[in-house]
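Student: Give the three-dimensional model of this entry:
(one chain, ligands or ions: 2)
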Amino acid sequence: MASVTLSGALDALRTVVEPSSGKHLVRLGWIRGLTVSEEHVRFTLWMDDPLHPFAGKAADACREALARAFGQDLRVDVDQDGDMIDLGADLSIDGQEAAATPGAGITSIIAVASGKGGVGKSTVASNLAVALAQQGLDVGLVDVDIYGPSIPTMFGLETAKPRVNAQRRIIPLEKYGVKLLSMGFLVDPEKAVIWRGPMVTSAVRQFLSDTEWGNLDVLVMDLPPGTGDIQLTIVQTIPLAGAVIVSTPQRVALSDARKGVAMFDQVGVPVLGIVENMAYFEPEELPGKRYYLFGQGGAKALAGELDVPFLGEVPLVQAIRENADQGTPVVTDRQSAAGKVFSELAADLTRRIEERSALRPPTRKIDILHG
Ligand SMILES: Nc1ncnc2c1ncn2[C@@H]1O[C@H](COP(=O)(O)OP(=O)(O)O)[C@@H](O)[C@H]1O
Ligand SMILES: [Mg+2]
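Tutor: Ligands and ions are numbered 1, 2, ... in the order given. Below is the predicted model:
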């Protein structure tokens with residue numbers, strides 16, 4: 001029998017597709033608490049709706065997929081989570097519908113963070129969100145950087161105003177296949193500078209909970225830069241599946257990125273990886289010639305030292321800045337050099353997010369309204 005690896009088991013489980021969404025079970029976050037040893041695979045089938053029409057067939061379909069990949073001798077244990085859930089408690093908390101929590105319907109919330117402002121956090125968040133949507137995921141992007149909300153500009157939506165539905169819930173805007181929302185739509189950044197930490201956190205929590213996101217595979221969250229009180233409280237109270245840290249190669253930026261990793265460690269949020277932005281400059285007329293203006297390999301070395309994944313290098317490219325200013329993230333041109341970089345980053349990130357989701361213990365999401 002072929003020996004089983006975690007990524008091999010996940011690949012096999014990715015062949016099991018839930019018919020109504022057309023998405024595989026790993027992406028849907030139905031696989032939880034996955035453990036893999038040489039001849040044994042075990043996991044919990046976890047779904048928002050235990051009465052889902054595919055619920056009864058999913059376990060057998062998973063067993064078959066694993067047997068196809070690794071042979072009939074493989075031992076597979078599937079726990080159905082039905083017995084673990086107290087349905088009444090889950091569906092209504094203090095009379096609130098479960099849908100009022102930001103976790104409901106959202107498989108993974110991913111924070112994009114940086115130790116320092118101006119390193120390209122919003123640029124990376126926007127392009128990743130669009131690239132994830134291009135790869136078929138249902139994606140939301142939320143800008144909770146109340147001090148410098150730049151997502152509206154990067155999507156050409158400075159003047160747009162989100163609407164509110166009959167249930168008084170905010171309907172996100174939609175562009176390039178991404179549902180998006182910015183605290184900048186609701187909060188005047190000039191007034192927000194004097195907000196205290198608890199005000200920011202409760203505004204962010206309410207903002208997320210009061211939004212009609214629908215079903216999302218990933219919600220990308222553009223955090224305020226830095227690792228202060230406010231950032232710490234946000235990452236503590238929002239049920240994050242992981243964080244991406246953006247840094248430039250300069251020493252100061254790297255030392256701040258290190259603080260970012262430490263912050264997420266402190267609250268137990270896995271760091272999915274570090275992205276090095278403005279890593280090098282490659283002149284258009286000299287393809288292949290790379291100038292490492294701010295030094296070379298710093299973020300990669302830092303990732304190695306801190307034992308977190310290195311997600312890749314984004315070059316310093318005029319088109320990235322121009323497209324951002326014009327409201328079209330560069331990855332909308334998938335054939336462009338910079339577009340390809342973000343597409344690859346997104347594909348890699350998807351696998352990491354899915355892996356994290358499958359390893360997560362099968363517990364209910366945190367209700368941040370009452371948490
Ligand atoms: N790789 C890049 N190449 C060229 N310009 C970039 C790149 N990354 C970011 N920029 C530009 O740098 C500025 C700051 O980026 P931004 O994403 O707003 O940073 P942050 O959100 O970290 O403050 C913006 O004008 C943006 O267009
Ligand atoms: Mg920003």
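Student: just checking, residue 110 touches residue 217?
Tutor: No: using CB atoms under 8 Å, residue 110 makes no contact with residue 217, being 10.3 Å away. The way it works is simple: take the backbone N, C-alpha and C, and place the C-beta from them, glycine included.
Student: ok, now which ones touch residue 296?
Tutor: Going by CB atoms under 8 Å, 6 or more residues apart in numbering, residue 296 touches 249, 279-280.
Student: swap in residue 120?
Tutor: Contacts of residue 120 by CB under 8 Å, 6+ apart are 114, 246, 248, 277-278, 314.
Student: helix, strand or coil for residue 157?
Tutor: In three-state terms, and counting by DSSP: H, G, I helix; E, B strand; the rest coil, residue 157 is coil.
Student: pLDDT wise, what is it at?
Tutor: Turning to residue 157, the model gives it a pLDDT of 92.
Student: pLDDT score assigned to the nearest residue to it once chain neighbours are set aside?
Tutor: Spatially, and ignoring its direct neighbours in sequence, residue 157 is nearest to residue 173 (5.8 Å; CB to CB, 6 or more residues apart in numbering). In the predicted model, residue 173 carries a pLDDT score of 95.
Student: Is it correct that residue 173 is in contact with residue 160?
Tutor: Yes: assessed by CB under 8 Å, residue 173 is found in contact with residue 160 at 5.5 Å.
Student: Between those two, which is the more surrounded one?
Tutor: The residue with more neighbours, out of residue 173 and residue 160, is residue 173; 20 against 14, by other CB atoms under 10 Å.
Student: show me what contacts the more buried one?
Tutor: 155, 157, 160, 162, 179-181.
Student: which among the residues you listed gets closest to residue 129?
Tutor: Taking CB to CB as the measure, residue 129 lies nearest residue 180 of those, at 7.5 Å.
Student: Which of the contacts of residue 296 fall in strands?
Tutor: Residues of these located in strands (DSSP state E): 279-280.
Student: Of the contacts of residue 296, which is the most crowded?
Tutor: Ranking these using other CB under 10 Å puts residue 279 first, with 26 neighbours.
Student: Who are the contact partners of the residue of the stretch 151-300 of the chain found nearest ligand 2?
Tutor: With CB to the ion, the shortest gap between the stretch 151-300 of the chain and ligand 2 falls at residue 222, namely 6.2 Å. When contacts are counted by CB under 8 Å, 6+ apart, residue 222 touches 112, 121-122, 125-126, 141-145, 151.
Student: Confidence-wise, which of the residues you listed comes last?
Tutor: Where pLDDT dips furthest among the contacts of residue 222: residue 145, at 85.
Student: if I've got this straight, it is in a helix?
Tutor: No: looking at residue 145 with three-state DSSP, it is coil, so not inside a helix.
Student: what about it, distance to residue 303?
Tutor: 24 Å (CB to CB, to the nearest Å).
Student: cool, residue 259 as well?
Tutor: For residue 259 relative to residue 303 (CB to CB), the value is 15 Å.
Student: Residue 143 too?
Tutor: Using CB to CB, residue 143 is found at 26 Å from residue 303.
Student: what about these two, which has more around it?
Tutor: Legend: neighbour count by other CB under 10 Å for residue 143 and residue 303, higher for residue 143 (27 against 22).
Student: For that one, give the beta-bridge partners.
Tutor: residue 182, residue 222 (DSSP bridges).
Student: got a list of what it touches?
Tutor: So, once contact is read as CB under 8 Å, 6+ apart, residue 143 ends up touching 122, 125, 149-152, 180-184, 222.
Student: Just the closest of the residues you listed to residue 331, please.
Tutor: Out of the contacts of residue 143, the member with the shortest distance to residue 331 (by CB to CB) is residue 125, at 11.7 Å.
Student: Can I take it that the closest one is in a strand?
Tutor: No: under three-state DSSP, residue 125 sits outside any strand and is assigned helix.
Student: can you pull the contacts of it?
Tutor: If you count contacts by CB under 8 Å, 6+ apart, then residue 125 has 112, 141, 143, 151, 220-222 around it.
Student: can you rerun that using 10 Å?
Tutor: 110-114, 141-143, 145, 150-151, 154, 220-223, 244, 246, 329 (CB atoms under 10 Å, 6 or more residues apart in numbering).
Student: Next: residue 265.
Tutor: 271, 306, 308.
Student: Helices of this protein, start to end?
Tutor: Assigned by DSSP state H, the chain shows helices spanning 6-13, 25-28, 55-70, 87-91, 121-134, 151-154, 189-192, 197-209, 229-237, 251-266, 298-306, 318-326, 337-359.
Student: for these, which one ends up most surrounded?
Tutor: Comparing these by mean neighbour count (mean count of other CB atoms under 10 Å), helix 121-134 comes out on top with a mean of 28.
Student: so how far is it off the chain centroid?
Tutor: Relative to its chain's centre, helix 121-134 lies at 10 Å (CA atoms, centre = their mean, to the nearest Å).
Student: same check, this time on stretch 322-339
Tutor: Worked out by CA atoms, centre = their mean, stretch 322-339 lies 20 Å from the chain centre.
Student: cool, and stretch 172-187?
Tutor: 16 Å.
Student: what's the first-to-last distance across that stretch?
Tutor: 16 Å (CA to CA, to the nearest Å).
Student: list the buried ones in that stretch?
Tutor: Neighbour-count burial for stretch 172-187 flags 172-173, 175-187 (criterion: 16 or more other CB atoms under 10 Å).
Student: how about low-confidence regions in the stretch 1-150 of the chain?
Tutor: Residue ranges of the stretch 1-150 of the chain with pLDDT under 70: 1-2, 81-103.
Student: What parts of it come near ligand 1?
Tutor: 114, 117-123, 150 (CB under 6 Å from any ligand atom).
Student: could the residues you listed be laid out in a markdown table, adding distance to residue 345?
Tutor: Output for those, formatted as a markdown table (distance: CB to CB, whole Å):
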| residue | distance to residue 345 |
| --- | --- |
| 114 | 15 |
| 117 | 21 |
| 118 | 20 |
| 119 | 15 |
| 120 | 12 |
| 121 | 14 |
| 122 | 15 |
| 123 | 12 |
| 150 | 19 |
